[in-house]
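In: Sequence and predicted structure, then a few things I'm wondering about:
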Amino acid sequence: MRWMHAAGRGLLVLVVVLTGYVASGARAGEGTAAGRGPLTLATAGDLTGYLGPLLEGWNRTHPGERVTLVELPDSADETRAQMATDLRAPDRHRFDVLNIDVNWTSEFAAAGWIRPLPRDRFPLDAFLPPVVGTATYDGRLYAVPYVTNAGLLLYRKDVLAEEGVPPPRTWAELERYARTIAPKYGLDGYAGQFLPYEGLAVNAAEAVYSAGGSILGDEGERVTVDSAAAREGIGFLARGVREGWIPKDALTYKEEESKQAFQDGRLLFLRNWPYAYVGASAPGSEVAGEVGAVPLPGPNGPGTSVLGGSNLAVAAHARHPDSAARLIAYLTSERVQRQVLTRGALPPVRADLYEDPELVRAFPYLPTLRESVLAAAPRPKSPRYDQVSLAVQAVVHDAMTGRQTPEAAVRRLARELAAISHR
């Protein structure tokens, strides 16, 4: 769930864990009359170390609602498992506010683990419009967007300039450049995150969406994947491996492995989250100064990215709900969202920051990222998303490794998703 410094990692997970008044023997539900009290904030993999200083600012001005930082595992799957274990257990209840992967909102809401939130307490109108949809379930707001993300196509500016061609806008151009230009420079053509894990589910959804298709409708109640668009999208990925312009090594890549391959100068094109642009452009990267970014291509023009990022949600059993809401409002304020970007290199949800000249100078990919976020779509909404994701991963990996044709893979995926939706 990195924002993770990915979608697959893709996505930062942030959890606010309520300590209550354990030291004084306070009972659950006790606190100030306003429902306020101390909190513990746990994060999975704060890789840039930005969060501690943000919380120091909160603690200085909110001494009665101090936040203690605790880290959960880096792995999105492990983080989700720890959250779910706690939220299911009637005698644990450590977690008060959870910063969950954007696609866990439906699952957690349907399970009754998080509570609906009043829209008027949060600056939703100031956010990029698509991100608000990731925080709703069944027509109600169950979380507040904190960090957003969208996939970008990173490319070698120096190589394309030498060849006199612009960055690709269509799959056909991407395939042609990856197949013909990359080998001339000793490079592999194109990679994404193709190991069977959440990152592959994201890459597969983007391919299907870019071709005009979908995977589920009606928040998981209707299976829509059995379509020509899905066959085209999955066929695009499978064809790349079969023809060699997607290297077989990419079938083992997650976010970090694919980023490393690009910044080591081994790839012409890479699909990844914006954090990979920052890393590849930093001193010490073999391609520093030669990295460009454009929206993901599709069959006939710009494609569709999947929305990444994380949302802040209040646990159903929260003992200090007012403090939880106040912390969420603080973390989504304009001042703090600016620091989320400048200190953490994480894409903020505040729309105006993407047009700030100072920030655009420091983060040149912001206009492209804004364009990608505004055109992005969420992963399939389902209260059983973990099962949906596993099915997509397994089926698409089989298609990419040649175990099934794209046509057979789509039919199989439709059957498996139908079985999941009826459980």
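Out: Looks like it arrived, so ask away. Quick caveat: nothing in here was measured; it's all calculated off a predicted structure.
In: Might one say that Arg338 is in contact with Leu353?
Out: Yes - under the contact definition of CB atoms under 8 Å, Arg338 touches Leu353, with a separation of 6.1 Å. Placement of C-beta: from N, CA and C, glycine included.
In: Name the residues contacting each of those two.
Out: Each of Leu359 lies in contact with both Arg338 and Leu353 under the rule CB atoms under 8 Å, 6 or more residues apart in numbering.
In: These two: who's more crowded?
Out: Residue environment comparison for Arg338 versus Leu353 gives the larger neighbour count to Leu353, 23 against 17, counting by other CB atoms under 10 Å.
In: Quick check: the gap between that one and Leu154.
Out: 22 Å (CB to CB, to the nearest Å).
In: What are the boundaries of the strands in the stretch 301-423 of the chain?
Out: Residue ranges of the strands in the stretch 301-423 of the chain, as given by DSSP state E, counting those that start in this stretch, are 307-314.
In: how about the helices in it?
Out: Using DSSP state H, counting those that start in this stretch, the helices assigned to the stretch 301-423 of the chain run over residues 321-331, 334-344, 357-362, 366-374, 385-400, 406-421.
In: repeat for the stretch 1-150 of the chain
Out: Listed in chain order (using DSSP H, counting those that start in this stretch), the helices of the stretch 1-150 of the chain are 51-61, 76-88, 105-110, 129-133.
In: Check which helices and strands the second one sits against.
Out: What that stands for is helix 76-88. Identification of packing neighbours for helix 76-88 by 3 or more CB pairs under 8 Å, 6 or more residues apart in numbering; DSSP states H and E yields strand 13-17, strand 39-44, strand 67-72, strand 95-101.
In: Identify the neighbouring strands of the third one in the sheet and state each direction.
Out: Spelled out, it's strand 67-72. For strand 67-72, the pairing partners within the sheet under DSSP bridges are strand 39-44 (parallel).
In: Comparing the helices and strands packed on helix 76-88 by mean pLDDT, which bottoms out?
Out: Among the helices and strands packed on helix 76-88, strand 13-17 has the lowest mean pLDDT, at a mean of 36.
In: can you count the residues close to Glu358?
Out: For Glu358, which is what you asked about, the neighbour count (other CB under 10 Å) is 10.
In: per-residue confidence at it?
Out: Among the per-residue scores, Glu358 shows a pLDDT of 97.
In: can you tell me how far it sits from Thr332?
Out: According to CB to CB, Glu358 stands 20 Å off from Thr332.
In: swap in Gly192?
Out: 30 Å.
In: neighbour count winner among the two?
Out: A direct count of neighbours by other CB under 10 Å for Gly192 and Thr332 places Gly192 higher, at 26 against 23.
In: Can you tell me, leaving aside adjacent residues, what's nearest to that one?
Out: With sequence-adjacent residues excluded and distances taken as CB to CB, 6 or more residues apart in numbering, Gly192 is closest to Arg271, at 3.9 Å.
In: Do I have it right that the one you found meets Tyr155?
Out: No - between Arg271 and Tyr155 there is no contact, the gap being 10.4 Å when judged by CB under 8 Å.
In: Okay, and Gly240 sits in which element?
Out: Secondary structure here is read from DSSP states H and E; on that basis Gly240 sits in helix 228-243.
In: Taking helix 385-400 as reference, get the angle to that helix.
Out: Between the direction of helix 228-243 and that of helix 385-400, the angle (axes from the mean of the first three to the mean of the last three CA atoms, to 10 degrees) works out to 50 degrees.
In: Would you mark the buried spots in helix 228-243?
Out: 229-241 (16 or more other CB atoms under 10 Å).
In: same deal with stretch 393-409?
Out: Using 16+ other CB under 10 Å as the burial criterion, the residues of stretch 393-409 that qualify are 393-400, 404, 406, 409.
In: Tell me the one of those residues nearest Gly213?
Out: Pro406 (12.2 Å; CB to CB).
In: Quick one: residues contacting that closest one.
Out: By CB under 8 Å, 6+ apart, the residues touching Pro406 are 231, 234-235, 238, 399.
In: repeat for His62
Out: Residues in contact with His62 (CB under 8 Å, 6+ apart) are Arg326.
In: Can you tell me the SS state at Gly289?
Out: coil (DSSP: H, G, I helix; E, B strand; the rest coil).
In: Distance of it relative to Pro274?
Out: 17 Å.
In: likewise Ala109?
Out: Relative to Pro274, Ala109 is positioned 28 Å away (CB to CB).
In: Between these two, point out the one with more neighbours.
Out: Pro274 (27 against 23).
In: Tell me the pLDDT of the more buried one.
Out: What the model reports for Pro274 is a pLDDT of 92.
In: can you tell me which residues contact it?
Out: 149-150, 152, 293, 345, 347, 363, 365, 369.
In: wait, which of those residues is closest to Asp125?
Out: Where the contacts of Pro274 are concerned, and distances follow CB to CB, Asp125 has its nearest neighbour in Pro347, at 18.6 Å.
In: before we move on, the earlier item: which SS class is the residue nearest to Gly192?
Out: Here Arg271 is recorded as strand under three-state DSSP.
In: Now Lys248: closest residue in space, sequence neighbours ignored.
Out: Counting by CB to CB, 6+ apart, Val241 is the residue found nearest to Lys248 once chain neighbours are left out, at 6.6 Å.
In: now swap in Ala178 and tell me
Out: In space, Ala178 comes closest to Gly189 once its chain neighbours are excluded; the distance is 2.7 Å by CB to CB, 6+ apart.
In: What of Ala409?
Out: Ala399 (3.9 Å).
In: Name the member of the contacts of Pro274 that has the highest neighbour count.
Out: That'd be Asn149 among the contacts of Pro274, by other CB under 10 Å, with 32 neighbours.
In: was I right about it contacting Ala276?
Out: No - shown here, Asn149 and Ala276 do not form a contact pair, counting by CB under 8 Å, at 11.0 Å.
In: Check the residue nearest to Arg239 when sequence neighbours are not counted and give its pLDDT.
Out: Leaving out its chain neighbours, the residue that sits closest to Arg239 by CB to CB, 6+ apart is Glu175, at 7.8 Å. You'll see Glu175 listed with a pLDDT of 98.
In: can you tell me which residues contact Glu175?
Out: By CB under 8 Å, 6+ apart, the contact set of Glu175 is 239-240, 243, 245.
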